[in-house]
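In: let me see the structure of the following:
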Amino acid sequence: MNDMSVENKFAQYVAQTSPFPPSLRVARANGRWLFDETGRRYLDFISGIAVTNVGHCHPKLVQAVVDQATTYAHTMVYGEHIQQAQVELAEAIVSRAPASLNCVYFLTTGAEANDAALKMASKHTGRRRFVAFRRAYHGDTVGAMSCFGSGHFRDQFPGLTADVEFWEFGDAAVAGAIDESVAAVIVEPVQGEAGIVLPSEGFLQALRDACNRAGALLIFDEVQTGFGRTGEWFAAQTYGVTPDVITMAKGMGAGYPLAGLLAPRQMLYDFAAVPAFSHITTFGGHPVSCAAGLAGVRIIEEENLLQNCRDLGKWLLNELAVVAGEFAGVVTGVRGVGLMVGVEFASEPLARQVVDGCRGAGLILETTLLNEAVVRFSPALNVTMEECGFAIEQFRGVLAGITAETGSMAKPGTDESA
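Out: As a prediction, the model looks like this:
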C-alpha cells in the first residue's frame, strides 16, 4: 500500500515545471474563491492566468458542460462532423469580432494556435521570415517557441527554431524592418508575461501599416487579452487596430481547454483544406469545451461583464496607484488595461515575498514569467467591488508587514530607503 502524502505523490508522479511550485492543495472552487482541504478560502486574483473569466463553477457554465457531456463528447476529428456547440460558438465569436475576421478554426491550446498561425502565414505568403518582440511569450511548442522573446528559454533548443527577428515592443522603428521577405509579424497587443506592458501610442497601427505595405500578415496573439480581459471582446477593438489573424485560448473556454484562429474564411480554407487535410487536429473544438466557451460568452454579455471589467479595472488601477505612493521605493510602477494589471516591485525577490505573503493572507497573486519583479492582478471579469476591496486590503497589509520587518526597504510614504 502506498502511504505517501498527496504532496509527495504530486512531486513524484506529476511532471514538474519548476522546483518550487506553490503546491496549494485545492479541494474545490466557487465564484472567485479557491478552498483548500481544511476549508480555508483564498481569493483567486489570477484566474488560472486569465482563464476562468466568469469565475469557478458558474451555475450556467456547469449546466452547459453537463448538458453537452451527457449528449455526446468526441465523435470525430475536428472539422468533419457538424457539432452544434462548435457552430454556435464560432457564430458567437465572429459576431463579436472585427468584421473582416469572419471564420474560426478551433484548436486546443494557445501555443498550438500560434504554431498554426505561423504555418498559415508562411503558406499564404510563400515566405519564411518572421518578426516578433523581445520578452514576448507565445507558447512552448516549436513554432511558438521560435517567437519566444527570451533567449534564456529559446536558446536551449538550437537548430529547432524558425527564422525570427526580434524587436523592442513599442518601438515604431520596427515598421522599417518589415519588408517583402517577412511572412508575418506576431505581437501581443499587451505583453502579458513581460510584465503587463502596454503598447505605446500608434505602435500597433504602425505595424498594421507596415504589414499592408509589405504584404505580410499581422497576427495578434490574444491568448491572454481576448474574451473581455481588456474591457472589450478583443484588444484589437480596445486599440482600434484590426490584424489579419487573432489567436485565442485561455478565457475562450471559460476554464476548459479550447483555442482557435480567428481569420478571413478563405485564408483559413486555403490553409487547412487545400489540399484536403493540410492542417488537422483531433481534439480541437471539443464539444464540451465549446459548450463551456459558448456559456462563457453568454454570461459575459448577460451580466454586462465587459463594463464591469472596465469599471473595476479602472478602480483597481487607481487604488494600486495609491498603494504605490504609500510604498514608494518598494512599488516602482503600476500599469494595466481592464482587468489585466501589473504592479512592479524594486526587485524580483521582493515581488516573490509579496506573492507568498498574500497567499498566506488568503489572496492568490503571481508574478509574470519574463519579469518576475511584476505581480499580476487578473481576477475573473465578474469580480465584485467587495472582493477588489479585500484584495487591496490584504495587499496593503502584506506590504506594510514586509517593510516593517526589513529595514533595508523604503518606508511607507517615503522616496528614500532607510
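
In: domains for the protein, by residue range?
Out: Following automatic domain parsing, one gets these domains for the chain: 6-54+304-405, 60-302.

In: give me the pLDDT value at the closest residue to F130 other than its chain neighbours.
Out: Leaving aside its sequence neighbours, F130 sits nearest to V164 (C-beta to C-beta, 6 or more residues apart in numbering; 4.7 Å). Placement of C-beta: from N, CA and C, glycine included. V164 is assigned a pLDDT of 93 by the prediction.

In: just checking, V164 is part of a strand?
Out: Yes. According to DSSP: H, G, I helix; E, B strand; the rest coil, V164 belongs to a strand.

In: so D221 is in contact with A111, correct?
Out: No. Counting by C-beta atoms under 8 Å, A111 is not a contact partner of D221; they are 10.2 Å apart.

In: mutual contacts of those two, please.
Out: Residues touching both D221 and A111 (C-beta atoms under 8 Å, 6 or more residues apart in numbering): H138.

In: what about the two, which has more around it?
Out: Using other C-beta atoms under 10 Å, the more surrounded residue of D221 and A111 is D221, with 32 against 22.

In: contacts only, for that one.
Out: Residues near D221 by C-beta under 8 Å, 6+ apart: G110, N114, A136, H138, I186, V187, E188, P189, T247.

In: which strand residues bridge it?
Out: Beta-bridge partners of D221, counted by DSSP bridges, are T247.

In: measure it to A116 for me?
Out: Per C-beta to C-beta, to the nearest Å, D221 is found 12 Å from A116.

In: go on, F283?
Out: Per C-beta to C-beta, F283 is found 14 Å from A116.

In: looking at these two, which one has more neighbours?
Out: In this view F283 and A116 are compared by other C-beta under 10 Å, and A116 has more residues nearby, 27 against 16.

In: quick one, what contacts V131?
Out: V164, E165, F166, W167, V174, A177, I178, V182, A184, V185, I186, A216.

In: can you tell me which of the residues you listed is nearest P349?
Out: F166 (27.6 Å; C-beta to C-beta).

In: I186 contacts A216, correct?
Out: No. I186 is beyond contact range of A216, at 10.5 Å (criterion: C-beta under 8 Å).

In: tell me the pLDDT at the residue nearest to E222 when sequence neighbours are not counted?
Out: Distance criterion C-beta to C-beta, 6+ apart; nearest residue to E222, sequence neighbours excluded, is I246 at 5.0 Å. I246 is assigned a predicted lDDT (pLDDT) of 98.

In: and what of T414?
Out: T414 is assigned 39 on the pLDDT scale.

In: now S95
Out: For S95, the model assigns a pLDDT of 98.

In: can you name the element that comes right after the helix or strand harbouring it?
Out: Secondary structure from DSSP states H and E places S95 in helix 84-96. Remark: after helix 84-96, the chain's next helix or strand is strand 103-107, criterion DSSP H and E.

In: partner strands of that next one, with direction?
Out: When DSSP bridges is applied, strand 103-107 pairs with strand 259-263 (antiparallel).

In: can you list contacts of the strand it pairs with?
Out: Residues contacting strand 259-263 (C-beta under 8 Å, 6+ apart): 93-94, 97, 101, 103-110, 112-113, 116-117, 120, 223, 244-249, 252-253, 268, 284-285.

In: and the very next helix or strand once past it with strand 103-107, angle?
Out: Using DSSP H and E, the helix or strand that directly follows strand 259-263 along the chain is helix 265-273. Here helix 265-273 points in a direction 30 degrees away from that of strand 103-107 (axes from the mean of the first three to the mean of the last three C-alpha atoms, to 10 degrees).

In: convert the C-alpha atoms of helix 265-273 to PDB, please.
Out: Taking Å, rounded to 0.1, in the frame of the first residue of the first chain, the C-alpha atoms of helix 265-273 are listed here in PDB:
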ATOM      1  CA  ARG A 265     -12.800  32.400 -44.200                       C
ATOM      2  CA  GLN A 266     -10.900  32.000 -47.500                       C
ATOM      3  CA  MET A 267      -7.500  32.300 -45.700                       C
ATOM      4  CA  LEU A 268      -8.400  29.500 -43.300                       C
ATOM      5  CA  TYR A 269      -9.800  27.300 -46.100                       C
ATOM      6  CA  ASP A 270      -6.700  27.700 -48.200                       C
ATOM      7  CA  PHE A 271      -4.500  26.900 -45.200                       C
ATOM      8  CA  ALA A 272      -6.300  23.800 -43.800                       C
ATOM      9  CA  ALA A 273      -8.300  22.300 -46.800                       C
END
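
In: C-alpha coordinates for stretch 127-135, PDB please?
Out: Output in PDB follows, covering the C-alpha atoms of stretch 127-135 (Å, rounded to 0.1, in the frame of the first residue of the first chain):
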ATOM      1  CA  ARG A 127       7.800  33.400 -47.100                       C
ATOM      2  CA  ARG A 128       9.800  32.000 -44.200                       C
ATOM      3  CA  ARG A 129      10.800  35.000 -42.100                       C
ATOM      4  CA  PHE A 130       9.000  36.400 -39.100                       C
ATOM      5  CA  VAL A 131       9.200  39.400 -36.800                       C
ATOM      6  CA  ALA A 132       8.500  39.100 -33.100                       C
ATOM      7  CA  PHE A 133       9.300  41.100 -30.000                       C
ATOM      8  CA  ARG A 134      11.700  40.900 -27.100                       C
ATOM      9  CA  ARG A 135      10.100  39.500 -23.900                       C
END
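
In: which residue ranges of the stretch 151-300 of the chain form helices?
Out: For the stretch 151-300 of the chain, helices defined by DSSP state H, counting those that start in this stretch occupy the ranges 151-154, 203-214, 235-239, 265-273, 287-302.

In: what about the stretch 301-418 of the chain, any weak spots by pLDDT?
Out: In the predicted model of the stretch 301-418 of the chain, residues 407-418 satisfy pLDDT under 70.
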